[in-house]
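Undergrad: Build me a model from this:
(one chain, ligands or ions: 1)
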Amino acid sequence: MDILHTLSALRDRLAQEPTVALVPTMGHLHDGHIDLVRRVQPRATCVVASIFVNPLQFGPQEDFSRYPRSLAEDCARLEQVGCSVVFAPSENEMYPEPQSVTVDPSPLQNELEGAFRPGHFRGVATVVLKLFHMVQPQVAIFGKKDYQQTLILRTMVRQLALPVTLLAAETVRAPDGLALSSRNSYLSPAERERAPELYRALEAVAEALKQGKTPQESLERSPLDPACWSTDYMVVRRARDLSEPTPEDRSLVVLGAARLGRTRLIDNLEVSR
Ligand code: PAF
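TA: The predicted structure follows:
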């Protein structure tokens, strides 16, 4: 496995590869990331995992400086799974000058996550488009835990006619249901015990939807204890585009974001009714 830090080394390494797949990450890898690598391996001669904590997608009060960084351990895990290339650029390599050209994604960027993290999706779309130009993959894969991110990136790929196939992989969960996330490492042992309650709340809403309750009735089932959790949102949306569902919509998604102590967790659950 090659560990590369510069665009020129990356371009040299990939020049002769017939097919390249990209797994974009911010590092501190967990089994969900490793699953993404495994899923794209059959689709390309070369799998590139990028590791870059992207400052553009963090707000001024967010966790950019304390975001966990563990490049050596990440590379060891990627080597073990048979990843071909790690691309881990420095901030200066990725943004050699202030990034004044940015991607303004679809209006969905201002809802849900975007309402609580202004500018977040602009930062995500900008770095992902830049990674696509750097790596020039035929395939790229993202986790459905970031459901809204995946939809926004799909729209970007479609509307800008980018020559890349975007895949979305199911969320990988701990045995107790907690969605794997690099930010789970912020949780204290007591918070880690409570953390699966977010998933259980989504399950309760999904179950009520399946029983024929309306989204509004179903959301009343969400049992997140306000003494421990500060909920940013818990909503039911149409799976296809995250718009408000009509009674006719059958494919829905329940999305939630809530804070447990200093840690903000997000999760979602698709449901057909
Ligand atoms: O999902 C993530 O980890 C990040 O948003 C991504 C796609 C790697 C862009 O920085």
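
Undergrad: can you tell me the residue of the stretch 51-200 of the chain closest to the ligand?
TA: In the stretch 51-200 of the chain, the residue that lies nearest the ligand is Asn54 (4.1 Å; C-beta to the nearest ligand atom). The way it works is simple: take the backbone N, C-alpha and C, and place the C-beta from them, glycine included.

Undergrad: Burial check on that residue, number of neighbours?
TA: For Asn54, the tally of surrounding residues (other C-beta atoms under 10 Å) stands at 21.

Undergrad: Now for the nearest residue to it once chain neighbours are set aside: which residues touch it?
TA: The shortest distance from Asn54 to any non-neighbouring residue, by C-beta to C-beta, 6 or more residues apart in numbering, is to Val127 (4.4 Å). Applying C-beta atoms under 8 Å, 6 or more residues apart in numbering to Val127 gives the contacts 24, 52, 54, 56-57, 94.

Undergrad: which stretches of the stretch 151-273 of the chain form strands?
TA: For the stretch 151-273 of the chain, applying DSSP state E, counting those that start in this stretch gives strands covering 165-169, 229-238, 251-260, 263-272.

Undergrad: Switch those strands over to TSV; also include mean neighbour count and distance to the ligand.
TA: TSV is the format used below for these (neighbours: other C-beta atoms under 10 Å; distance: least, C-beta to the nearest ligand atom, whole Å):
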stretch	mean neighbour count	distance to the ligand
strand 165-169	17	11
strand 229-238	17	17
strand 251-260	21	15
strand 263-272	20	11
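
Undergrad: Dig out what Ala168 forms beta bridges with.
TA: Phe142 (DSSP bridges).

Undergrad: ok, for the most centrally placed residue in the chain, nearest residue in space, not its chain neighbours?
TA: Central residue of the chain (C-alpha atoms, centre = their mean): Asp146, 3.7 Å from the mean position. Leaving aside its sequence neighbours, Asp146 sits nearest to Ile266 (C-beta to C-beta, 6+ apart; 7.4 Å).

Undergrad: any idea how far that neighbour lies from Ser181?
TA: 8 Å (C-beta to C-beta, to the nearest Å).

Undergrad: Quick check: neighbours shared by those two?
TA: Lys145.

Undergrad: what residue ranges in the protein score low on pLDDT?
TA: 222 (pLDDT under 70).

Undergrad: Can you point out the buried residues in the one helix or strand Gly32 maps to?
TA: Using DSSP states H and E, Gly32 sits within helix 31-40. Within helix 31-40, the residues that count as buried by 16 or more other C-beta atoms under 10 Å are 32-40.

Undergrad: Not counting it itself, show me its contacts.
TA: By C-beta under 8 Å, 6+ apart, helix 31-40 touches 21, 23, 25, 47, 49, 77-78, 81-83, 139, 141-143, 145, 167, 169, 171-172, 179-181.

Undergrad: circling back to that earlier point, quick one, what contacts the residue nearest to Asp146?
TA: Ile266 makes contact with 113, 145-146, 179, 181, 255-257 under the criterion C-beta under 8 Å, 6+ apart.
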